[in-house]
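Chemist: Return atomic coordinates for the entry below.
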Amino acid sequence: MVTGRRARAWPAALLAAASLTAAGAAPALASAQFAPGADGLGDPFFPHAGNGGYEVAHYDLRLDYRPDGARLEARARIDANATQDLSAFDLDYRGPRIRSVRVDGRRAAYGRTGQELVITPDAGLPAGSRFEVVVRYSGRPRQIVDPDGGIEGWVRTDDGAFVVGEPQGSPTWFPCNDYPTDKATYAFRITVPRRLEAIANGSLIERRRRGRTSVWRWRERSPMASYLATATIGQFRLERSRFGGLESVVAVDPRERKASRGPLSKIPAMTRLFESLFGPYPFDETGAIVDHAPKVGYALETQTRPIYDRAPGQPTVAHELAHQWFGDSVSVASWPEIWLNEGFATWAEWRWAEHRGGRSTARAFRHMLAVPADQDRYWDPPPGAVPDPSKLFADSVYVRGAMALEALRQRIGDDAFYATMRDWTQGHAYGNASIEQFTALAEARSGQDLDSLFATWLDQPGKPAV
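Modeler: Sure thing, here's the model as predicted:
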């Protein structure tokens with residue numbers, strides 16, 4: 001166990017949600033009377049994200065989008081399980097006008113306040129019961145600006161939409177329980193003008209033309225956090241293939257095709273390397289979406305099929321692919337613990353460079369250690385003590401976060417390090433976990449007291465004195 005390490009006091013509701021999801025169960029909670037579910041899970045950065053009183057099992061999204069008018073006609077069907085006796089419940093939603101809401105086939109009262117869609121069914125929902133919500137809505141979905149100044153949500157492009165959701169953009173285009181601890185399966189049916197393609201997560205079930213439109217059906221059968229969903233629309237060239245038992249769909253905007261070809265061709269080799277280090281690839285599908293969306297400024301690890309705003313380089317492809325293990329399959333229990341996503345993916349990016357004959361992870365560590373302390377973008381905030389959401393994706397979370405893992409590898413040795421990484425990805429697959437759980441696992445696997453190492457690299461401000 002970790003001795004003397006500072007504990008993070010997350011809200012009780014948040015810890016309960018993470019525990020339920022990681023255990024894969026949704027037990028009925030004792031309740032004296034029907035009451036509304038909580039309007040948030042108390043995340044330290046996004047306290048109103050997610051909702052209490054239920055867990056989602058499945059989303060069925062039907063989207064009809066017309067880029068010329070930027071208009072979306074949509075229907076979201078949500079299958080959920082009540083975890084308390086519910087008189088009302090919330091969905092996270094920042095999207096266009098609601099047309100109707102039904103719960104178990106009956107009209108339900110609803111209202112909107114901030115990011116909350118508050119739904120009151122005509123009868124209470126008992127704890128342990130399964131219920132269906134159908135929300136119909138139409139209008140112009142929008143993008144939002146994050147605390148760090150980045151944009152996300154339904155981002156319009158010159159030929160469609162670049163659709164990304166980390167950490168709070170998914171409710172701009174579908175109502176959801178928008179928190180990493182509530183994972184669900186997904187089905188997408190996307191109708192677009194005939195000249196366009198629509199790319200989502202999971203397997204491509206069908207694409208067919210119907211008059212002047214085309215219909216695309218996708219299905220993600222593995223549990224997925226809402227922020228990892230996409231329904232990106234535009235002109236793409238599709239390449240379908242299989243390797244190592246995986247279905248691969250790569251969709252590339254023709255303007256980015258030439259520059260993308262080389263880096264994307266490395267996906268099979270990267271997958272083989274990461275499987276040898278981290279354990280089996282966690283999903284049945286892989287691939288990429290390369291759009292032409294220069295105003296976005298980043299790529300995202302959308303589940304099974306990362307999305308890039310332009311032609312990526314090999315390091316970026318390796319980074320987003322590694323996220324399928326670290327972030328997508330094993331997700332954070334709360335947003336301040338983003339080191340478990342970004343630090344791990346950055347270290348994997350370094351490891352791919354070493355594998356192809358470049359600088360080793362040890363040399364990358366020494367190179368960064370030579371950076372002066374006054375270049376504080378690499379050192380502050382410490383990756384395990386991010387102070388607020390504006391610093392969620394700070395350079396230090398990535399770079400110093402990767403250095404923390406390399407310091408761990410050098411301290412405990414390759415055998416214990418890779419055993420820890422494999423235990424992590426397999427022991428928490430399709431669930432959620434915390435920094436404390438990782439540090440405890442590393443200590444258990446290595447048989448060492450690692451409190452000082454993790455405190456130095458994750459918690460202490462400024463450049464670590466090593």
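Chemist: can we go C-alpha only for contacts and neighbour counts from here?
Modeler: OK.
Chemist: residues touching the closest residue to residue 134 other than its chain neighbours, list them.
Modeler: Sequence neighbours aside, residue 77 is the residue nearest to residue 134 in space, at 4.4 Å (criterion: CA to CA, 6 or more residues apart in numbering). If a contact means CA atoms under 8 Å, 6 or more residues apart in numbering, then residue 77 has 59, 60, 61, 132, 133, 134, 135 as its contacts.
Chemist: so of these, which ones are in strands?
Modeler: 59, 60, 61, 132, 133, 134, 135 (DSSP state E).
Chemist: ok, residue 86 - contacts?
Modeler: 34, 35, 36, 37, 53, 124, 125, 126, 127.
Chemist: for residue 135, same thing?
Modeler: Counting by CA under 8 Å, 6+ apart, residue 135 has contacts 75, 76, 77, 98, 99, 100, 101, 102, 175.
Chemist: What pLDDT is listed against it?
Modeler: pLDDT for residue 135: 99.
Chemist: Look up which residues are beta-bridged to it.
Modeler: Beta bridges link residue 135 to residue 76, residue 101, judged by DSSP bridges.
Chemist: Distance check, it against residue 61.
Modeler: For residue 135, the distance to residue 61 equals 10 Å [CA to CA, to the nearest Å].
Chemist: any chance of the ones in strands among the contacts of residue 77 in CSV, plus distance to residue 369?
Modeler: Shown next, in CSV, are those (distance: CA to CA, whole Å):
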residue, distance to residue 369
59, 46
60, 48
61, 47
132, 54
133, 53
134, 53
135, 52
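Chemist: Among those residues, which pair sits farthest apart?
Modeler: Between any two of those, the greatest separation by CA to CA is 13.2 Å, found for 61 and 132.
Chemist: which one of those two has more residues nearby?
Modeler: Taking neighbours as other CA atoms under 10 Å, residue 61 and residue 132 compare with residue 61 leading, 24 against 16.
Chemist: Verify the stated contact: that one with residue 191.
Modeler: No: look at residue 61 against residue 191 with CA atoms under 8 Å: they stay out of range, at 11.1 Å.
Chemist: where exactly do the helices run in the stretch 251-400 of the chain?
Modeler: In the stretch 251-400 of the chain, the helices defined using DSSP state H, counting those that start in this stretch lie at 257-264, 267-278, 314-322, 339-355, 361-369, 395-412.
Chemist: so which strand or helix has residue 420?
Modeler: helix 414-427 (DSSP states H and E).
Chemist: That helix packs against which elements?
Modeler: helix 267-278, helix 395-412, helix 435-446 (3 or more CA pairs under 8 Å, 6 or more residues apart in numbering; DSSP states H and E).
Chemist: Of all those, which one comes closest to residue 462?
Modeler: helix 395-412 (10.2 Å).
Chemist: Check which helices and strands the closest one is in contact with.
Modeler: helix 339-355, helix 361-369, helix 414-427, helix 451-454.
Chemist: Tell me which of those helices is the most buried.
Modeler: With neighbours defined as mean count of other CA atoms under 10 Å, these peak in mean count at helix 339-355, which reaches a mean of 24.
Chemist: which residues are in contact with that helix?
Modeler: 270, 273-274, 315-316, 318-320, 322-323, 326-327, 331-332, 359-361, 364, 383-384, 397-406, 434-435.
Chemist: Now do it against helix 267-278: the angle between them, please.
Modeler: 110 degrees (axes from the mean of the first three to the mean of the last three CA atoms, to 10 degrees).
Chemist: what angle sits between helix 339-355 and helix 435-446?
Modeler: 50 degrees.
Chemist: just to revisit the earlier point, who does the helix or strand following the helix holding residue 420 pair up with?
Modeler: Using DSSP H and E, the helix or strand that follows helix 414-427 in sequence is strand 432-433. Strand pairing for strand 432-433, determined by DSSP bridges: strand 331-332 (parallel).
Chemist: buried set for stretch 123-138?
Modeler: The neighbour-count check on stretch 123-138 (16 or more other CA atoms under 10 Å) flags 125-128, 130-138 as buried.
Chemist: distance between it and the chain's centre?
Modeler: Relative to its parent chain, stretch 123-138 has a centroid offset of 25 Å by CA atoms, centre = their mean, to the nearest Å.
Chemist: Just the endpoints, please. Distance across it?
Modeler: 27 Å.
Chemist: For the residue most central in space within the chain, give me its contacts.
Modeler: Nearest to the mean C-alpha position of the chain, counting by CA atoms, centre = their mean, stands residue 228 at 3.9 Å. By CA under 8 Å, 6+ apart, the contact set of residue 228 is 164, 165, 166, 301, 302, 303, 328.
Chemist: returning to that earlier point: can you put the helices of the stretch 251-400 of the chain in a markdown table and add mean pLDDT and distance to residue 232?
Modeler: Converted to a markdown table, the helices of the stretch 251-400 of the chain look like this (pLDDT from 0 to 100; distance: least, CA to CA, whole Å):
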| stretch | mean pLDDT | distance to residue 232 |
| --- | --- | --- |
| helix 257-264 | 98 | 17 |
| helix 267-278 | 98 | 21 |
| helix 314-322 | 98 | 17 |
| helix 339-355 | 98 | 23 |
| helix 361-369 | 98 | 35 |
| helix 395-412 | 98 | 26 |
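Chemist: Columns distance to residue 148 on top of those helices, output as a markdown table?
Modeler: Shown next, in a markdown table, are the helices of the stretch 251-400 of the chain (distance: least, CA to CA, whole Å):
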| stretch | distance to residue 148 |
| --- | --- |
| helix 257-264 | 28 |
| helix 267-278 | 30 |
| helix 314-322 | 20 |
| helix 339-355 | 16 |
| helix 361-369 | 24 |
| helix 395-412 | 12 |
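Chemist: Which one of these lies nearest to residue 201?
Modeler: helix 314-322 (14.0 Å).
Chemist: and that closest one with helix 257-264, angle?
Modeler: 60 degrees.
Chemist: And the contacts of helix 314-322?
Modeler: Taking CA under 8 Å, 6+ apart as the rule, helix 314-322 contacts 263-264, 266-267, 270-271, 274, 299-301, 306, 344-346, 348-350, 352-353.
Chemist: those helices in the stretch 1-150 of the chain, which residues are they?
Modeler: Taking DSSP H, counting those that start in this stretch as the criterion, the stretch 1-150 of the chain carries its helices at 12-23.
Chemist: Low-confidence ranges, it, go.
Modeler: The model of the stretch 1-150 of the chain has pLDDT under 70 over residues 1-32.
Chemist: Give me the pLDDT for the spatially closest residue to residue 442 that is not a sequence neighbour.
Modeler: Leaving aside its sequence neighbours, residue 442 sits nearest to residue 420 (CA to CA, 6+ apart; 5.7 Å). Confidence at residue 420, expressed as pLDDT, is 98.
Chemist: what's the answer for the one 3 residues further on, then?
Modeler: At residue 423, the model reports a pLDDT of 98.
Chemist: Next up, the contacts around it.
Modeler: So residue 423 contacts nothing (CA under 8 Å, 6+ apart).
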